[in-house]
Structures are given as C-alpha cells and as structure tokens.
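Undergrad: compute the structure for the input listed below.
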Amino acid sequence: MAPRPSSDRILSGSRILVVEDEVLIAFDLRASLRDAGAKSVRVAHTVADALVLARTAELSSAVLDVRIGHEGAGPVAEVLRRRAIPFLFYSGQPPSDPVRQAWPDAPALAKPTGGRSLTVAIARLEMEYPANGQTVAKSRADGPGPAGAPR
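TA: Numbers count the residues shown, from 1 in each chain. Sure thing, here's the model as predicted:
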C-alpha cells in the first residue's frame, strides 16, 4: 500500500492559477499553496496576463480575485469554464458585485481567509470537480442547469 500524503500537503501535484492584483496578497497565497504541496502556482496581476495563462497553462484549478485593478475577473472565469477548470473567488467584494452575480455557483471565500482554509477549499474543489471534468461553475448566461461547484 502506498503511503498517504500528509494532510499538510493536500494540494500535492496541483497546478494553480492565482489572479490577484495586490502583490503582498499574491505572494502570501503562492507561499500557502506551495506549502500545501502545489506543484505549480502561476500568478497573474492583470486580467490580460490572467487570460493568457487561463488559455494556455496546464491548470488543475484557479483562485480569482473578483476585481483586478479596475477590471472584473469575469473574462478569466469564462475561459476557465470553457476549459472545464474549476475555480473559486477569493475577494473582499460583496456577493452583490456583478462578477459574483454572474457566477452564483462558484465557491467564494472572503478576504482575509487563512491559508489553511483556502488550501482546504481548493483541495475540495479539485476533488469534486477535477480539471477537464464534465461540470464546473456556470455563469448566469449559461442558463438553467446543474451547478458545477457548491457555494
């Protein structure tokens, strides 16, 4: 029997995109995700950079701030949805924010959230909705249907 990974390495092998415009928060997220065993943590500080990575990088999940500078993360969420890559929002924006409203089924964690809470949420997301699986968070524009990710 193979040894079980330590619960401290719950993201072992994960490839995660972090979209966060605040450098110190992004640095902290990257450290927490790497400490939890993530194989790769790609960080984008702009929507343009995030779109490039969302379209091209090998990813198992993503963490999106709702607002990147003056832009919303909606276009990034759409690319991830089309690629069947699960994501969650990590933001200080209220649930009434238009981006959050457009993606009502995407999990969301409020800033600040401890690193352990975030890594557990990502591990759960990846387990329940593996990248390139059949079901991921749906936008309101997708119409009715089963939600891909629990709130």
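Undergrad: tell me the contacts of residue 42?
TA: Counting by C-beta atoms under 8 Å, 6 or more residues apart in numbering, residue 42 touches 15, 16, 17, 18, 53, 57, 59. Placement of C-beta: from N, CA and C, glycine included.
Undergrad: local confidence estimate at it?
TA: Note on residue 42: pLDDT of 97.
Undergrad: which residues does it bridge with?
TA: Using DSSP bridges, the beta-bridge partners of residue 42 come out as residue 17.
Undergrad: just use 31 as the starting number from now, easier for me
TA: Sounds good: first residue 31 from here, last item residue 72.
Undergrad: please report how far it lies from residue 44.
TA: For residue 72, the distance to residue 44 (C-beta to C-beta, to the nearest Å) stands at 11 Å.
Undergrad: quick check: neighbours shared by these two?
TA: By C-beta under 8 Å, 6+ apart, no residue touches both residue 72 and residue 44.
Undergrad: ok so, going back, can you redo the contacts of residue 72 as a markdown table with pLDDT and distance to residue 58?
TA: Shown next, in a markdown table, are the contacts of residue 72 (pLDDT from 0 to 100; distance: C-beta to C-beta, whole Å):
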| residue | pLDDT | distance to residue 58 |
| --- | --- | --- |
| 45 | 96 | 19 |
| 46 | 97 | 14 |
| 47 | 98 | 16 |
| 48 | 97 | 10 |
| 83 | 98 | 19 |
| 87 | 96 | 21 |
| 89 | 96 | 20 |
